[in-house]
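In: Give me the fold of what follows.
(chains A and B)
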2 protein chains.
Amino acid sequence: MTGSLVIAGLGPGSDALVTPEVSAALARASDVVGYIPYVARVAARPGLTLHASDNRVEIDRARQALGLARDGRRVVVVSSGDPGVFAMASAVFETIEAGPPAWRDLDIRVLPGITAMLAAAARAGAPLGHDFCAINLSDNLKPWGLIERRLRLAAKADFAMAFYNPRSRSRPDGFARTLDILNDACRDTRPVIFARAVSTAREQIRVVPLPEARADMADMRTVVIVGSSATRIIARAGAPFVYTPRSVPA
Amino acid sequence: MTGSLVIAGLGPGSDALVTPEVSAALARASDVVGYIPYVARVAARPGLTLHASDNRVEIDRARQALGLARDGRRVVVVSSGDPGVFAMASAVFETIEAGPPAWRDLDIRVLPGITAMLAAAARAGAPLGHDFCAINLSDNLKPWGLIERRLRLAAKADFAMAFYNPRSRSRPDGFARTLDILNDACRDTRPVIFARAVSTAREQIRVVPLPEARADMADMRTVVIVGSSATRIIARAGAPFVYTPRSVPA
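Out: Below you'll find the model as predicted:
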């Protein structure tokens, strides 16, 4: 019996955003491996073993999943959002590269998902409708100086920006510094979107001008989108629409 | 009767990548509006009117959709990929902002989809597993000089880069210039992924080192992903895995 490893994206939270491809992979799985709250989204059933593990043990989790696949199991590693965007896919490939050669020849597939910035952008309008960048603001795995440099270059390039992991209890200060850098580099009132727990019952969307953005508006479950200099707001009775026009005049 | 306007992403091509949320919106629609090949993906049924239009008439299409919604119809504007990434959502919001105030108060929602770069990245491994940017290489709506400037700043920031619309019959030269700029700015052999028609029967994935990338490897249906300086290749019996590690050492 040949095992397989699928690295699947569950989207931002709602089952209505899980692709049929991912649902089919979960229906065929013998083992589901992932971070506790993501594994909790998979329904138990006979023949399926759920392996939930804590945060920050991505490499252990990847080794476990690869070992199970090597033993002939049909393994699905679950990520929220898209597994390739600041999620489990890179951790699995790092583990494969460092591991025994036999792991390379396993049947391994990545199934894309709706990543948080796309779900957040859709709720607000179309802030990522022109060129943009995505930056993981956590400095757990890279030096803070690199983040700072990327922020300044992104502002200079006039990208809209999507920030993942803006703030956590162990990193309370980085996002305040991010906002200081952006205010210094941009010097305008472009909109900032704080999108928390998008597509879940606890969803909250807040739009503020950059100078009014404060670090405590974000937490671990928030994705932040900062407009480019061209991003516009359409005021209306309900929440405003925020969008970035397709065109930049010559 | 109150009309509604949904701007929905059909994903890159396969029905297995259409979210249940989008399928449900299509099942409820009275009218589907979009570019010919995208509307062709929606099955005809009694009570549903399909309005297919040609490329480059995005604003006309948006006006038509808004007019239908204003008349009380349940309208779905279809995009491929994600509607908010170089697709119809920004065109609709541009039209709303320039149009009669009543359009702002319509029931308007954007439903995210799997955008081409995420599907392409998943097929190759995890090249967008660290910070990255997305650039539309078409200079139909922005000056070429701005694209060039963004390419140089993105290389300086060491982002992985995803390029949409790299090349078309009316713009044969821009992508060759893009490759020249990247070779000049990067001076290394980082991998370039050419992903054509991902998730369709005509899918083709090709990975080449940057100095060997040539403009004619891309066409209108290709999304191109260029790694960062840290992007790695895992050789194996089949197609190699390409991924960008999560970490950057201090």
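In: what residue ranges in chain A score low on pLDDT?
Out: A:1 (pLDDT under 70).
In: Near residue A:219, how many other residues are there?
Out: By other CB atoms under 10 Å in any protein chain shown, 15 other residues sit near residue A:219. All C-beta spots, glycine's among them, are computed from the backbone N, C-alpha and C.
In: Name the nearest residue to residue A:5, ignoring sequence neighbours.
Out: For residue A:5, ignoring the flanking residues on the chain, the nearest one in space by CB to CB, 6 or more residues apart in numbering or on different chains is residue A:69 at 4.1 Å.
In: which helices and strands does the helix or strand where that neighbour lies pack with?
Out: Using DSSP states H and E, residue A:69 sits within helix A:58-70. Counting contacts by 3 or more CB pairs under 8 Å, 6 or more residues apart in numbering or on different chains; DSSP states H and E, helix A:58-70 packs against strand A:4-9, strand A:31-35, strand A:49-53, strand A:74-79, helix A:88-98.
In: I'd like those as a markdown table, with mean neighbour count appended.
Out: Shown next, in a markdown table, are the helices and strands packed on helix A:58-70 (neighbours: other CB atoms under 10 Å in any protein chain shown):
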| stretch | mean neighbour count |
| --- | --- |
| strand A:4-9 | 27 |
| strand A:31-35 | 25 |
| strand A:49-53 | 15 |
| strand A:74-79 | 28 |
| helix A:88-98 | 24 |
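In: re the thing from before, and the helix holding residue A:69 with helix A:88-98, angle?
Out: 70 degrees (axes from the mean of the first three to the mean of the last three CA atoms, to 10 degrees).
In: Taking strand A:49-53 as reference, get the angle to helix A:58-70.
Out: Orientation of helix A:58-70 against strand A:49-53 (the same axes, to 10 degrees) gives an angle of 160 degrees.
In: The closest residue in space to residue A:235 that isn't next to it in sequence - how many residues pack around it?
Out: The shortest distance from residue A:235 to any residue that is not its chain neighbour, by CB to CB, 6+ apart, is 7.8 Å, and that residue is residue B:104. If you count neighbours by other CB under 10 Å, residue B:104 ends up with 17.
In: what's the domain layout of chain A?
Out: A:4-114, A:117-243 (automatic domain parsing).
In: Show me where chain A has its strands.
Out: A:4-9, A:31-35, A:49-53, A:74-79, A:107-111, A:125-126, A:132-136, A:160-164, A:191-196, A:204-209, A:222-226, A:232-234, A:241-243 (DSSP state E).
In: just to revisit the earlier point, would you check that the residue nearest to residue A:5 makes contact with residue A:4?
Out: Yes: Residue A:69 lies in contact with residue A:4 (CB atoms under 8 Å); the separation is 6.0 Å.
In: any residues in contact with both of the two?
Out: In terms of CB atoms under 8 Å, 6 or more residues apart in numbering or on different chains, residue A:69 and residue A:4 are both contacted by the residues A:75, A:106, A:107, A:108.
In: what's the burial count for residue A:204?
Out: Neighbours of residue A:204 (other CB under 10 Å): 13.
In: next one: residue A:222
Out: 23.
In: And the one 3 residues further on, by the same measure?
Out: A total of 26 residues lie near residue A:225 under the criterion other CB under 10 Å.
In: can you check the one 4 residues further on too?
Out: Here the count is done by other CB under 10 Å, and residue A:229 has 13 residues near it.
In: Identify the residues contacting the residue lying closest to it once chain neighbours are set aside.
Out: Excluding its sequence neighbours, the residue lying closest to residue A:229 (CB to CB, 6+ apart) is residue A:158, at 5.4 Å. Residues in contact with residue A:158 (CB under 8 Å, 6+ apart) are A:131, A:228, A:229, A:230, B:150.
In: Adding distance to residue A:49, write those residues out as TSV.
Out: Below are the contacts of residue A:158 laid out as TSV (distance: CB to CB, whole Å):
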residue	distance to residue A:49
A:131	44
A:228	46
A:229	51
A:230	50
B:150	47
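In: Give me the subset of those residues that lies in helices.
Out: residue B:150 (DSSP state H).
In: before we move on, back to that, are any of the shared contacts of residue A:69 and residue A:4 buried, and which?
Out: A:75, A:106, A:108 (16 or more other CB atoms under 10 Å in any protein chain shown).
In: Report the contact partners of the nearest residue to the last one once chain neighbours are set aside.
Out: If the residues on either side of it in the chain are set aside, residue A:108 comes closest to residue A:5, at 4.8 Å by CB to CB, 6+ apart. Taking CB under 8 Å, 6+ apart as the contact definition, residue A:5 lies against A:65, A:66, A:69, A:75, A:76, A:77, A:92, A:106, A:107, A:108, A:109.
In: hmm, 6 Å instead?
Out: A:65, A:69, A:75, A:106, A:108 (CB atoms under 6 Å, 6 or more residues apart in numbering or on different chains).
In: Looking at strand pairing, list the partners for it.
Out: residue A:75, residue A:108 (DSSP bridges).
In: number of nearby residues for residue A:208?
Out: 14.
In: That one and chain B, how far apart?
Out: When distance is defined by CB to the nearest CB, to the nearest Å, residue A:208 is 19 Å away from chain B.
In: Thank you, goodbye.
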